[in-house]
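In: below is the sequence, then the predicted model.
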Amino acid sequence: MFDSLSGRFDAIFTRMRGRGRLSDADIDEIAREIRLALLEADVNVRVVKDFISRIKERATGAEVAKSLTPAQQVIKIVHEELVATLGSTTVKLTMNPKPPTVVMLSGLQGSGKTTAAAKLARLLKSQGLQPLLVAADLQRPAAVEQLRVLGKRIDVPVFYAKEGSPQNAVDVALSAFDEAARLGRNVMIVDTAGRLQIDEALMDELVAVRDIVKPTNSLLVVDAMTGQEAVNIAVAFDQAIGLDGVILTKIDGDARGGAALSVKAVVGKPIIYVGTGETLEDFEPFHPDRMASRILGMGDVLSLIEKAEAAFSAEDAQAAEEKMRSGQFTLDDFLDQMQQVRKMGPIGNIMKMLPGVPKELKGAEVDESQLGRVEAIIRSMTAQERRDPSVINGSRRSRIAKGSGTSTQEVNALLKQFKTVQQMMKSMSQGKKPRLPIPGMPIR
């Protein structure tokens with residue numbers, strides 16, 4: 001989402017690093033360029049004005065004047081002010097000391113509310129909680145069935161109005177408490193109805209459901225693709241039903257970032273979760289400091305570590321370490337490691353979390369289908385060939401290519417790449433520091 005803004009900040013800071021001391025004129029120029037970058041990212045005008053004012057005040061003060069590296073100090077100031085604008089601290093759900101904790105989701109139709117409900121349920125379940133999904137959206141055709149399908153996929157029960165029972169959202173929400181008690185569920189996630197636009201009927205129903213369930217957390221689901229309009233939507237919902245926080249969906253799309261950078265400052269409500277992709281796993285807590293680092297191209301190592309811990313079990317990590325130490329790394333291991341990495345999400349997103357990766361690589365489109373082709377090639381090999389690729393001669397390469405639906409050139413490229421990785425593993429087992437080749441970068 002922040003690719004364009006990140007590129008603008010990178011260009012600004014690159015020019016700034018080439019200067020020595022920063023004059024008042026330099027700081028004015030930097031502030032002007034940052035202002036344009038934020039406005040182009042569809043950030044609220046008042047937020048931009050306050051942001052620039054704080055930066056100029058700090059940048060022209062003693063903390064920069066006394067610094068040996070003024071440019072780095074300004075970057076530090078911009079980072080800190082971005083964190084403050086995004087919300088300063090990570091906000092968690094408030095848990096009811098007397099279960100169930102009720103999370104009520106609201107939003108306009110098309111914001112991804114029903115999917116967000118399932119994603120949140122999956123995340124809470126992974127944290128040891130026992131969620132119950134409540135299908136209280138009776139306005140949109142197939143909304144109940146969609147939630148039932150998603151609930152089945154994540155193995156979370158869904159409460160909905162059965163045939164012959166009262167067919168209104170208030171009765172469904174009220175009856176859900178009995179179901180939560182019966183099943184021993186300590187979190188209720190209530191998916192409410194949306195509309196294509198804000199209207200009186202929508203708000204009246206939401207107020208009625210809110211008054212019945214008395215939510216511990218009232219969260220608004222907004223689509224990051226709506227840009228600045230997302231802030232106006234949040235203001236309207238907050239005035240009508242009261243909000244505790246925001247879930248921002250589709251931040252992996254082409255949105256310019258204005259909603260994320262504006263909602264906390266304008267509405268005064270924190271972003272608590274973000275949807276980072278299409279799968280149910282692509283959902284995570286919102287960390288202002290980590291997001292600010294991503295915007296400024298500093299990477300996000302902590303989120304990357306968390307994703308790795310979720311994808312790799314302790315046993316898998318230990319087995320991989322033993323393989324590395326012994327220097328015995330086969331194509332089976334290569335395939336296993338590739339599959340584990342794929343569990344962490346799109347490769348392009350992972351690249352953006354790595355600090356120090358050239359911006360050309362971070363912005364490059366990664367063809368995920370190539371990973372499937374690699375898997376097909378390896379699975380077309382015999383067990384002996386995967387253990388010892390040196391036995392693969394010309395006729396074997398031709399057979400593997402036909403079996404995997406690829407070409408002999410692709411088979412050769414994979415074997416060459418694997419040999420490089422194998423040599424790297426051998427160097428590491430001998431205590432040497434390997435030089436990692438980066439695709440597209442010359443190896444020195």
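Out: Everything's here; your move.

In: residue contacts, F286?
Out: Under the criterion of C-beta atoms under 8 Å, 6 or more residues apart in numbering, the contact list for F286 reads 86-87, 90-91, 248, 270-274. C-betas here are computed from N, CA, C, even on glycine.

In: for the record, mean pLDDT for stretch 90-105?
Out: For stretch 90-105, the mean per-residue pLDDT is 93.

In: where does the stretch 151-300 of the chain dip in pLDDT?
Out: By pLDDT under 70, the low-scoring segments of the stretch 151-300 of the chain are 164-166, 253-257, 297-300.

In: which residue ranges of it form strands?
Out: 158-159, 187-192, 217-223, 245-249, 271-275, 283-285 (DSSP state E, counting those that start in this stretch).

In: may I see the buried residues of the fourth one?
Out: In other words, strand 245-249. Residues of strand 245-249 classed as buried by neighbour count (16 or more other C-beta atoms under 10 Å): 245-249.

In: go on, the longest one?
Out: The neighbour-count criterion (16+ other C-beta under 10 Å) identifies 217-223 as the buried residues of strand 217-223.

In: closest to T101 among the contacts of F286?
Out: I272 (13.5 Å; C-beta to C-beta).

In: residues contacting that closest one?
Out: Applying C-beta under 8 Å, 6+ apart, the residues near I272 are 91-93, 219, 245-247, 285-286.

In: same check on I189?
Out: 103, 105, 117, 120-121, 124, 131-134.

In: coming back round to it: just the contacts of I272 now: which is nearest F329?
Out: P285 (34.8 Å).

In: how many other residues sit next to the nearest residue to F9 once chain neighbours are set aside?
Out: Closest residue in space to F9, ignoring its immediate chain neighbours: L296 at 5.5 Å, by C-beta to C-beta, 6 or more residues apart in numbering. Neighbour count of L296, defined by other C-beta atoms under 10 Å: 19.

In: quick one on the thing from earlier: okay, the buried residues of strand 217-223 in CSV with distance to G405 next?
Out: Formatted as CSV, the buried residues of strand 217-223 follow (distance: C-beta to C-beta, whole Å):
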residue, distance to G405
N217, 49
S218, 51
L219, 45
L220, 46
V221, 41
V222, 43
D223, 38
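
In: what is the nearest of those residues to A181?
Out: When these are ranked by distance to A181 (C-beta to C-beta), N217 comes first, at 19.4 Å.

In: neighbours of R46, how many?
Out: Residues lying near R46 (other C-beta under 10 Å) number 11.

In: wait, it touches V231, no?
Out: No - between R46 and V231 there is no contact under C-beta atoms under 8 Å: 10.3 Å.

In: what helix or strand is L150 on?
Out: helix 143-154 (DSSP states H and E).

In: next one: the residue nearest to F9 from I27, what distance?
Out: For L296, the distance to I27 equals 18 Å [C-beta to C-beta, to the nearest Å].

In: which residues touch A230?
Out: By C-beta under 8 Å, 6+ apart, A230 lies in contact with 222-224, 248, 258-259, 262-263.

In: 10 Å instead?
Out: 42, 107-108, 111, 220, 222-224, 246, 248-249, 255, 258-260, 262-263, 267 (C-beta atoms under 10 Å, 6 or more residues apart in numbering).

In: do I154 as well
Out: Contact analysis of I154 by C-beta under 10 Å, 6+ apart lists 118-119, 121-123, 125-126, 131, 133, 280-281.
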